[in-house]
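**Student:** Show me how the following folds:
(one chain, ligands or ions: 1)
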Amino acid sequence: MTNTQVSLVQIDNYGPWTVTPEPRREADLQTMQSRLYADISQFVGNRGGYVFFTRFDNMIAVTNGLTLEDHELLQESVGNRYPVTLSLGVATGTSPVQALSDATTLVQNAGSAQDDSRRECLEGRTVDEPHRTDDDVQIAHFDVIDATGQYTDELNAFDSFIHIEQGYAELMRHMRHAHDSLSFFVGGDNVIVVCPDLEAADYEEAIRHVEDAVDVELQVGVGRGSNAHDAGFDAKHALETCRADGTRVELEW
Ligand SMILES: Nc1nc2c(ncn2[C@@H]2O[C@H](COP(=O)(O)OP(=O)(O)OP(=O)(O)O)[C@@H](O)[C@H]2O)c(=O)[nH]1
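**Tutor:** Numbering: from 1, shown residues only. Just a heads-up that it's a prediction; the model follows:
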């Protein structure tokens, strides 16, 4: 059974910082946000986790395998190298949505996102040995079938983007409300979904739902593992099987 460890990463007091002493140049904010995301992705990824940029000021990570000491080191390292600091909430559970909700509550209870006195809080708990198992994390990797032929090579780049984003928006809402899962756009036509214990029929239903609602055709590979990388890597292999065999749903276990 899944036991997903989810970390909420929130930049402390970021809103006020972006306009103090006066509004900062947008390109500088975009550069800082994307470098911070890249750094956190490398730190978490080197330890087997995934982090998603989400809203950039709030990022969501799957951190099975990372300890609270790892989280502290991330805070220290970012605090030493960036003009902003991070607060972190960590929670675990069979439902990724519930785990994220608990992680969020921990950060919210420590203070407002725009409270100057709340800095570098670290709240929560991790899944530690001997409780870790090979199916703690379930990752589904969705992509749009033949996005290149349907959109990229056919429409202007912005209209392609609208189609892809519509598919993403419908999938993320449906997976959140019908299947207790967290979906994240990761570039191109790809969406990575952090799931509880779902079965092939659940993914088939979700794909049908998106096609009926917004006419975007998806395929999905699904993997399980003790951390996000292991589960996500199996999901990528399963997606390759979809591409090779023309199937819509492949589970790699
Ligand atoms: N983040 C991420 N992006 C990917 C991955 N694979 C493909 N992409 C992106 O998706 C875009 C489209 O690639 P594909 O999904 O292979 O192309 P397609 O035309 O949809 O073809 P099929 O998937 O075979 O139906 C690429 O340009 C990349 O931007 C992946 O594993 N991770």
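**Student:** can we go C-alpha only for contacts and neighbour counts from here?
**Tutor:** Noted.
**Student:** And residue 251, its phi and psi?
**Tutor:** Taking degrees, to the nearest 10, you get phi -110, psi 130 for the backbone angles of residue 251.
**Student:** should've said residue 190
**Tutor:** phi -110, psi 140.
**Student:** beta partners for it?
**Tutor:** On the basis of DSSP bridges, residue 190 is bridged to residue 143, residue 187.
**Student:** quick one: contacts for it?
**Tutor:** Applying CA atoms under 8 Å, 6 or more residues apart in numbering, we find residue 190 in contact with 141-144.
**Student:** CSV please, covering these and showing distance to residue 171.
**Tutor:** Formatted as CSV, the contacts of residue 190 follow (distance: CA to CA, whole Å):
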residue, distance to residue 171
141, 12
142, 10
143, 11
144, 11
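**Student:** Kindly reformat those residues as a markdown table containing neighbour count, pLDDT and distance to residue 217.
**Tutor:** Output for those, formatted as a markdown table (neighbours: other CA atoms under 10 Å; pLDDT from 0 to 100; distance: CA to CA, whole Å):
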| residue | neighbour count | pLDDT | distance to residue 217 |
| --- | --- | --- | --- |
| 141 | 26 | 98 | 14 |
| 142 | 27 | 98 | 10 |
| 143 | 22 | 96 | 8 |
| 144 | 21 | 96 | 6 |
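**Student:** Can I get the residues you listed in CSV including distance to the ligand?
**Tutor:** Shown next, in CSV, are the contacts of residue 190 (distance: CA to the nearest ligand atom, whole Å):
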residue, distance to the ligand
141, 8
142, 9
143, 6
144, 5
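**Student:** So what's the residue count around residue 14?
**Tutor:** If you count neighbours by other CA atoms under 10 Å, residue 14 ends up with 19.
**Student:** Now that it has come up, it's in contact with residue 57, right?
**Tutor:** Yes: using CA atoms under 8 Å, residue 14 is in contact with residue 57, at 7.1 Å.
**Student:** what about the lowest-mean-pLDDT helix or strand in the chain, distance to the chain center?
**Tutor:** Ranking every helix and strand in the chain by mean pLDDT, DSSP states H and E puts helix 147 at the bottom, with a mean of 90. Relative to the chain's own centre, helix 147 is displaced by 22 Å; criterion: CA atoms, centre = their mean, to the nearest Å.
**Student:** Numbering from 11 from now on, please.
**Tutor:** With the count now opening at 11, the last piece we talked about shows up as helix 157.
**Student:** Spell out whether it and the ligand are in contact.
**Tutor:** Yes: applying CA under 6 Å from any ligand atom, one finds helix 157 in contact with the ligand at residue 157.
**Student:** helices and strands around the next helix or strand after that helix, which ones?
**Tutor:** Later in the chain than helix 157, the nearest helix or strand by DSSP states H and E is helix 167-189. Applying 3 or more CA pairs under 8 Å, 6 or more residues apart in numbering; DSSP states H and E, one finds that helix 167-189 contacts strand 192-197, helix 210-224.
**Student:** what is the rounded mean pLDDT of helix 167-189?
**Tutor:** For helix 167-189, mean pLDDT is 96.
**Student:** Now find how far off-centre it is within its chain.
**Tutor:** Put simply, helix 167-189 sits 15 Å off its chain's centre (CA atoms, centre = their mean).
**Student:** neighbouring contacts of that helix?
**Tutor:** 107, 154, 161-162, 191-195, 199, 201, 205-206, 208, 212, 216, 219-220, 223-226.
**Student:** Give me the buried entries from those residues.
**Tutor:** The neighbour-count test (16 or more other CA atoms under 10 Å) marks 107, 154, 161-162, 191-195, 199, 201, 205-206, 208, 216, 219-220, 224, 226 as buried among the contacts of helix 167-189.
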